[in-house]
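Asks: Provided below are the primary sequence and the corresponding predicted coordinates.
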Amino acid sequence: MIVQGHEWSASAIERCDVVVIGSGCGGATVAKRLAELGHDVVIVEKGGWYTAKDFDQREVNMLGKIDGGRGLQTSVDSSISLTYGNNVGGASVHYWADSYRTPPDRLALWAERYGMKGHGLAELTPHFERIEEDLHIHLADQSHTNRMNQLVFDGASALGWSVRRVPQARKGCMGSGHCMQGCSYDAKQSQLVTHLARADQLGARIYADLEAVSLRWNDTRIEALNARVLDRATGRTTGVNVSIEARIVVVAAGGFGTPLFLLRQGLKAHLSAVGEHLFCNPSPMVHALFDERIVQWRNIPAAWGVEEFRVAKMDGDRYVEGGYLLMPNQLQPGLLAAVLPGIGAKHHQLMAQMPNLGGTIAWIDDIDEGRVSLKGDRPRFYMPVDGGNGLRIRDAWRKQARLLFEVGAREVIFGDASDTRLTDPAAIDSTVDGLDLRPARNIFAAPHPGGCARMGDDPQSSVVGFDHRVHGIDNLYVSDPSVFPTAPSVDPSLTIMAFSYVAADHVHAALGS
Ligand SMILES: Cc1cc2nc3c(=O)[nH]c(=O)nc-3n(C[C@H](O)[C@H](O)[C@H](O)COP(=O)(O)OP(=O)(O)OC[C@H]3O[C@@H](n4cnc5c(N)ncnc54)[C@H](O)[C@@H]3O)c2cc1C
């Protein structure tokens, strides 16, 4: 059952076994699994419910509906552009559907450095297999390889870099290229058409336009979640409140939303790690003009991915290179116009050549951490892009420029505030060394936030235990990338879902006792 904000006529009290806050990869998966295990589940989602018939393939319409900050929100010093979900299905509704398993080397790092238990290869593999089957995850094939994808394969191969087909969560993809506007064909296997649809069939109640606000406590136990109905058009409260009395509360409000919710409950006073250790995979893009037509906005975003640099190479403590995945970029014309440099005639001249514009993007495996905090009730997101992150960003710029020249780029465009461009590959190193990493000089996306409710044994340095339960609270759990100790070094959705299966097992066990 899906209930939208306008359907509530009066304040109400609801009861259930488990209430889940958020309906993205984390929330939808844990809710689906718990419903499958026979529990009465309520999902509270502050965003709206949109389906294929609403996905009109118009960037401005859809950005306003399914992006949390309407595409306009940045970190506190304007270093990072924030992109996150605000709708039933969360960010999976506008994601690219790249679906990597967590690499074994990253799971080993989490176990060795952070003492991670219960989330190793042996525990996660059955969940990966189940999710891959349910979401029809398969390697992209040639029919889904657009020209930019092909150029990434050609360039990486010519340079001797490891490049592989990207696993995709799709079924019957039409190749429209409108993944980021929500799939009009229900082919992309977002949470909307997979785990939420299944949870719905199993009797879970999904409440859209309902914002989780506060918790009602009895000592170390939560008795109820207080939520308020939002008017979708304005985002304001309607005055209707819903109190949900649940035996267990699971927070899955996303990498930005979960720390905000926990901070608003005053939990930082007891658990100082709340809001700390933010990662978000800052993503530098490089654009390029080709003599041939690229038409980057058609077909799937990333059929090939360069894995050569996923793990950073170090010489002792000295950074050498890498620490990112390098992908073809896909931007629809509106977003492309927003990220291309210049104004007026200069910008127009670039846009006039739009079909010949291609580009790449890299997910930086951030090493220096950011933070989520509140000033009054206003969220503040901070992410450093200098230091170790800056070294990785510069290296990713260099490698992207090399690849783009290798496949015939006539001009490489960094898209920074100084509109730095290159026509001579010999000048890559000196040019990239000179790029300005100060805030607001570049556009870095932040599609993969997490880390701000980190897992661990010690309440001094972590927020949840390895059973996903918040330290010191009997019945509060977290099930999203906020629990990861670092970024997973690949796109995170499959890791989030597999961790959520583990979380569901712990919640199930707690409900049984
Ligand atoms: C453009 C883009 C492309 C991406 N492509 C890929 C990809 O190809 N592969 C991949 O693996 N990952 C990709 N990602 C990342 C991936 O989509 C996210 O990491 C993942 O979906 C996050 O899931 P989540 O459950 O943590 O959070 P979200 O999906 O953000 O869901 C959290 C939900 O909680 C809701 N919420 C927050 N606060 C409250 C509250 N107080 N009350 C009620 N509800 C609340 C939000 O509205 C939101 O819907 C992409 C992301 C973006 C933005």
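Replies: Noted; the coordinates are in hand.
Asks: switch to C-alpha atoms for all contacts and neighbour counts from now on
Replies: Will do.
Asks: Break down this structure into its helices, ranges please.
Replies: Under the criterion DSSP state H, helices of the chain are mapped to 25-36, 59-66, 104-114, 121-134, 147-158, 195-201, 254-264, 333-339, 344-352, 387-406, 428-434, 493-512.
Asks: Export these to CSV and append columns for distance to the ligand, mean pLDDT and mean neighbour count.
Replies: CSV is the format used below for these (distance: least, CA to the nearest ligand atom, whole Å; pLDDT from 0 to 100; neighbours: other CA atoms under 10 Å):
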stretch, distance to the ligand, mean pLDDT, mean neighbour count
helix 25-36, 4, 98, 28
helix 59-66, 8, 88, 19
helix 104-114, 15, 98, 14
helix 121-134, 12, 98, 16
helix 147-158, 14, 98, 22
helix 195-201, 12, 98, 21
helix 254-264, 3, 98, 24
helix 333-339, 11, 93, 15
helix 344-352, 22, 95, 12
helix 387-406, 19, 98, 22
helix 428-434, 26, 98, 15
helix 493-512, 3, 98, 22
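Asks: Just tell me which of the ones you listed ends up closest to residue 174.
Replies: Each of the helices of the chain was scored for nearness to residue 174 using CA to CA, and the closest is helix 147-158 (16.1 Å).
Asks: mind checking how far residue 84 is from residue 69?
Replies: 7 Å (CA to CA, to the nearest Å).
Asks: of those two, who's got more company?
Replies: residue 84 (26 against 17; other CA atoms under 10 Å).
Asks: on that earlier part again, now render the helices of the chain as CSV, adding distance to residue 77.
Replies: Below are the helices of the chain laid out as CSV (distance: least, CA to CA, whole Å):
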stretch, distance to residue 77
helix 25-36, 29
helix 59-66, 22
helix 104-114, 30
helix 121-134, 37
helix 147-158, 32
helix 195-201, 36
helix 254-264, 16
helix 333-339, 18
helix 344-352, 25
helix 387-406, 15
helix 428-434, 21
helix 493-512, 27
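Asks: Out of those helices, which is closest to residue 223?
Replies: Of those, the one closest to residue 223 (CA to CA) turns out to be helix 493-512, at 14.4 Å.
Asks: who's in contact with that closest one?
Replies: Identification of contacts with helix 493-512 by CA atoms under 8 Å, 6 or more residues apart in numbering yields 17, 25-27, 29-31, 33-34, 37, 99-102, 118-119, 124, 127-128, 131, 247-248, 467-468, 477-481, 488.
Asks: quick one: low-confidence parts of this protein?
Replies: 513 (pLDDT under 70).
Asks: how far does the longest strand along it sit from the chain's center?
Replies: Counting residues, the longest strand in the chain under DSSP state E turns out to be strand 237-251. Counting by CA atoms, centre = their mean, to the nearest Å, strand 237-251 is centred 25 Å from the centre of its parent chain.
Asks: Could you tell me how many residues sit around residue 233?
Replies: So residue 233, with other CA under 10 Å, has 8 neighbours.
Asks: any idea how far it is from residue 65?
Replies: The gap separating residue 233 from residue 65 is 9 Å, by CA to CA.
Asks: contacting residues for residue 268?
Replies: With contacts defined as CA under 8 Å, 6+ apart, residue 268 is in contact with 262, 274-275.
Asks: Recalculate using a threshold of 6 Å.
Replies: Residues near residue 268 by CA atoms under 6 Å, 6 or more residues apart in numbering: residue 274.
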